[in-house]
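Asker: here is my input; please provide its structure:
(one chain, ligands or ions: 2)
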Amino acid sequence: MKQRIAFIGGGNMGRSLIGGLIAKGADPSQLVVADPYAPTLQALQAQYNVQTVSNNADAVRDANVVLLAVKPQELRNVVSSLQEQILRTRPLLISIAAGILATDIQRWAGGLPVVRCMPNRPAMQGCGVTALYANELVTEANRALAEQILGAVGATLWVERETDMDTVTAISGSGPAYFFLLIEMLEAAGQSLGLSPDVARKLAVETAYGSGFMAHESSDSPATLRQQVTSKGGTTEAALKHLEANNVRAIFSQAVAAAAQRSAQLAKELGST
Ligand SMILES: NC(=O)C1=CN([C@@H]2O[C@H](COP(=O)(O)OP(=O)(O)OC[C@H]3O[C@@H](n4cnc5c(N)ncnc54)[C@H](OP(=O)(O)O)[C@@H]3O)[C@@H](O)[C@H]2O)C=CC1
Ligand SMILES: O=C(O)[C@@H]1CCC=N1
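Answerer: Ligands and ions are numbered 1, 2, ... in the order given. Alright, predicted model coming up:
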């Protein structure tokens, strides 16, 4: 069957998924995006030639998949206001919202099955990773369809316990921001030690790219790869000793825990009523 995917929300993540799908060969005529902000729609139309509408109901009319890409705070209103229509057409609902439980979305949708997932922004370049969760209402066909869509823009995996989605969000959903911060910090450090901004940026970005690529391709663990860079009595050892002495691991672990806690808190604040 030819898919018709309606994106509700054309912001950062909606755009990343649309861009990634089109780069992987999706036919733009299969994608429609709804967003209240006209310049967002104009930019998506100009860049990807997808159909754009300002009204969510128009977007879902002929869709067999509705991909919910609005902020968690908007999700209940968005889904509830589409309930009557989607109960008639019965599309597969896929939510990428942080925190919000599949059962809550399902209830707001009048009982339709929902695949909850957590992609990340590198989906835009086709190298994202998405963890998916499905409860018992979701059929094998629903699972296969969700996996096909998210799998077009990167790796996919399923988690069996919904509570794991909070951790997933903290690791891979938010994760690109941690790596971007590291790039920013390397760049700033290079500049403060006298490199020009261009040189510092290029060194930081290329190093992140090369390291990520190497970690992806290598059969060695990240720890082994790190050790291979760290010559005894050398420069890397000096840097890593400083980081370890200042509790970099504990700080990082606490930061990731804070993200996971926020995901769980979003579910409580915005759902389950
Ligand atoms: N950013 C990321 O890296 C990731 C985000 N997510 C999840 O994706 C979702 C979207 O995040 P993100 O793209 O960053 O957020 P953005 O704010 O960039 O995008 C959300 C878009 O939805 C639009 N919008 C607001 N209200 C409605 C509505 N009623 N109907 C249709 N569209 C609406 C917004 O318009 P306007 O700006 O005018 O309000 C905006 O363009 C969130 O739930 C987030 O948890 C998941 C993985 C990664
Ligand atoms: O920061 C957020 O809440 C969203 C979810 C994961 C990435 N961005």
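Asker: next up, phi/psi of the residue in the stretch 1-150 of the chain that ligand 1 sits nearest to, please.
Answerer: Here the stretch 1-150 of the chain gets closest to ligand 1 at one residue, G11, 1.8 Å apart by CB to the nearest ligand atom. Every C-beta, even on glycine, is put in place using the N, C-alpha and C of the backbone. Per-residue torsions, G11: phi -80, psi -150 (degrees, to the nearest 10).
Asker: so it touches T40, yeah?
Answerer: Yes. The pair G11 and T40 passes the contact test of CB atoms under 8 Å, sitting 6.9 Å apart.
Asker: the more surrounded of these two?
Answerer: More neighbours surround T40 than the other of G11 and T40, with 18 against 14 (other CB atoms under 10 Å).
Asker: which residues touch that one?
Answerer: Contacts of T40 were listed using CB atoms under 8 Å, 6 or more residues apart in numbering, and they are G10, G11.
Asker: am I right that it falls within a helix?
Answerer: Yes. Looking at T40 with DSSP: H, G, I helix; E, B strand; the rest coil, it is inside a helix.
Asker: what parts of this structure come near ligand 2?
Answerer: A98, T169, G173, S174 (CB under 6 Å from any ligand atom).
Asker: wait, which of those is closest to ligand 1?
Answerer: Nearest to ligand 1 among these is A98, at 3.4 Å by CB to the nearest ligand atom.
Asker: who touches that closest one in this structure?
Answerer: Per CB under 8 Å, 6+ apart, neighbours of A98: P72, M118, T169, G173, R262, S263, L266.
Asker: which one (most neighbours) among those?
Answerer: Most surrounded of the contacts of A98: other CB under 10 Å gives M118, at 28 neighbours.
Asker: OK, contacts around it?
Answerer: M118 touches I96, A98, T130, A131, M165, V168, T169, S172, G173, counting by CB under 8 Å, 6+ apart.
Asker: can you list which of these are found in helices?
Answerer: Those of the contacts of M118 mapping onto helices are M165, V168, per DSSP state H.
Asker: now the two most distant members of the residues of the chain next to ligand 2.
Answerer: Greatest spacing in these, by CB to CB: A98 and S174 (8.4 Å).
Asker: give the contact list for the residue of the stretch 51-200 of the chain found nearest ligand 2.
Answerer: Relative to ligand 2, the nearest point of the stretch 51-200 of the chain is G173 (3.2 Å; CB to the nearest ligand atom). Contact partners of G173, counting by CB under 8 Å, 6+ apart, are A98, M118, P119, N120.
Asker: re the thing from before, restrict the residues of the chain next to ligand 2 to those near ligand 1?
Answerer: Answer for these near ligand 1 (CB under 6 Å from any ligand atom): A98, G173.
Asker: follow-up on the earlier one: dump the contacts of M118 into TSV; add pLDDT and distance to T139 as well.
Answerer: What follows is the contacts of M118, written out as TSV (pLDDT from 0 to 100; distance: CB to CB, whole Å):
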residue	pLDDT	distance to T139
I96	98	20
A98	98	25
T130	98	19
A131	98	19
M165	98	20
V168	98	22
T169	98	25
S172	98	26
G173	98	25
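Asker: in contact with L203, which residues?
Answerer: Per CB under 8 Å, 6+ apart, neighbours of L203: L186, E187, G190, L195.
Asker: which residue ranges of the protein form strands?
Answerer: With strands called from DSSP state E, the chain shows them at 5-8, 31-34, 51-53, 65-68, 92-95, 114-118, 128-134, 154-158.
Asker: among these, which comes closest to N246?
Answerer: Comparing the strands of the chain by CB to CB, strand 128-134 comes nearest, at 29.4 Å.
Asker: circling back: which of the contacts of G173 sits closest to E147?
Answerer: P119 (11.9 Å).
Asker: need the contact list for the closest one.
Answerer: With CB under 8 Å, 6+ apart, P119 has these contacts: M13, S16, L17, I96, G128, V129, T130, L150, V153, G154, G173.
Asker: and D62, how many neighbours does it have?
Answerer: 11.
Asker: look up phi and psi at it.
Answerer: Dihedral angles (degrees, to the nearest 10) for D62: phi -110, psi 20.
Asker: tell me the confidence at it?
Answerer: We have a pLDDT of 92 for D62.
Asker: nothing else from me, thank you.
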